[in-house]
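>>> please find the sequence and the predicted model below.
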Amino acid sequence: MQFAVVGNPINHSLSPLLHNYAFEVLGINAFYGRYCLDKEKDFRFLQTLGLKGANITIPFKEIAFSSCDETFGIAKKIQAVNTIVFCNNKIFGYNTDAMGFYECIASFKFKNTLILGAGGSAKALACILQEKNIDTTILNRSSERLTSFRGFETYTFDSFKPKKAYDLIINATPSGLENSFPIHKEQLIEILKQAQLAFDLVYGRETPFLQLAQSSKILIQDGKDMLVYQAILAFEIFMQSQGVVFDKNLLREAMKNFEL
Ligand code: DHK
């Protein structure tokens with residue numbers, strides 16, 4: 001059985017390490033690799049390569065949603081998928097980012113959240129926060145992508161005037177991968193002043209966003225835990241689609257304790 005994570009850029013992805021470690025611990029004969037996709041495509045081509053399923057990352061989560069024959073759970077509302085499986089020539093799509101993210105912040109009590117960015121990951125977080133009744137505002141460079149955030153307060157960088165304090169600030173842009181700030185530094189300093197937690201979805205590096213938050217004495221969290229939680233849920237979907245029975249507790253334990 002083969003699986004992969006598909007995106008661009010993809011070199012930074014730790015998903016292969018995580019999934020291959022779980023296969024080893026659980027004694028499952030399978031392999032998980034990385035695929036750098038140069039441009040949007042119908043995701044059916046992955047099945048012809050012999051993959052049983054895949055994780056999808058930036059910038060393809062929304063196009064992957066449109067490639068699906070059927071989508072399940074919160075993916076329908078988010079209209080972006082990060083987990084697909086191939087069954088009888090059909091693509092089934094799921095979104096495990098939403099719950100994966102929520103598991104990371106469930107122990108906090110947040111009132112107002114500000115999400116920077118409006119891509120597929122931002123949508124997943126916005127939907128789960130809305131489901132959990134946490135007031136959520138989206139801030140994005142351009143207005144086009146904001147139209148899909150119905151029922152949310154949305155702003156472009158130019159129109160943004162904070163009317164309230166945000167206790168959770170999430171960087172859902174890939175700015176950390178480019179070593180840059182998601183919004184103007186001065187604007188970020190102002191927003192961070194009243195925050196409790198700064199969360200960056202990028203993992204494995206100290207992003208400028210998190211460095212700035214840390215210097216403002218705010219709690220910080222990178223995307224590592226979210227990577228692990230969304231991977232556990234994706235792994236379960238992959239194995240279920242193949243009828244593979246395994247010890248779910250052992251999976252959780254292995255992935256959570258794996259030194260990324
Ligand atoms: C990143 C994401 O955003 C997830 O949705 C994918 C991945 C995995 C990664 O970096 O490997 O499932």
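Received it, and whenever you're ready, just let me know what you need.
>>> for burial, what's the neighbour tally of the nearest residue in space to residue 72 that is not next to it in sequence?
Nearest non-adjacent residue to residue 72, counting by CB to CB, 6 or more residues apart in numbering: residue 94, 5.4 Å away. (C-beta placed from N, C-alpha, C; glycine too.) Close neighbours of residue 94, defined as other CB atoms under 10 Å, add up to 24.
>>> ok, now residue 231?
Residues near residue 231, counting by other CB under 10 Å: 26.
>>> and the residue nearest to residue 72, what does it touch?
71, 72, 73, 75, 81, 82, 83, 84, 85, 233, 234, 237 (CB atoms under 8 Å, 6 or more residues apart in numbering).
>>> at 7 Å instead, please
Counting by CB atoms under 7 Å, 6 or more residues apart in numbering, residue 94 makes contact with 72, 73, 75, 81, 83, 237.
>>> can you give me the strands in the stretch 51-200 of the chain?
For the stretch 51-200 of the chain, the strands defined by DSSP state E, counting those that start in this stretch cover 51-56, 70-71, 83-87, 90-94, 112-116, 135-140, 153-156, 168-171, 197-200.
>>> send the alpha carbons of the third one over as PDB?
Going back to what we said before, that points to strand 83-87. Presented in PDB, the C-alpha positions along strand 83-87 are these (Å, rounded to 0.1, in the frame of the first residue of the first chain):
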ATOM      1  CA  THR A  83      -7.200  13.700   2.900                       C
ATOM      2  CA  ILE A  84      -8.400  11.700   0.000                       C
ATOM      3  CA  VAL A  85      -8.800   8.000  -0.600                       C
ATOM      4  CA  PHE A  86      -9.400   6.100  -3.800                       C
ATOM      5  CA  CYS A  87     -12.300   3.500  -3.700                       C
END
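>>> mind listing what's buried in it?
83, 84, 85, 86 (16 or more other CB atoms under 10 Å).
>>> tell me which other helices or strands it touches.
Packed against strand 83-87 by the contact rule (3 or more CB pairs under 7 Å, 6 or more residues apart in numbering; DSSP states H and E) you find strand 51-56, strand 90-94, helix 224-241.
>>> hmm, back to that, give me the distance between the residue nearest to residue 72 and residue 182.
27 Å (CB to CB, to the nearest Å).
>>> which one (most neighbours) among the contacts of residue 94?
Going by other CB under 10 Å, residue 81 tops the contacts of residue 94 with 32 neighbours.
>>> around the ligand, which positions in the stretch 151-260 of the chain sit nearby?
230, 234 (CB under 6 Å from any ligand atom).
>>> pLDDT wise, what is residue 154 at?
As summarised for this prediction, residue 154 has a pLDDT of 96.
>>> next: residue 33.
98.
>>> now it, what's its secondary structure?
strand (DSSP: H, G, I helix; E, B strand; the rest coil).
>>> who touches it in this structure?
Taking CB under 7 Å, 6+ apart, one finds 4, 16 in contact with residue 33.
>>> enumerate the positions of stretch 104-118 that are buried.
104, 105, 110, 112, 113, 114, 115, 116, 117, 118.
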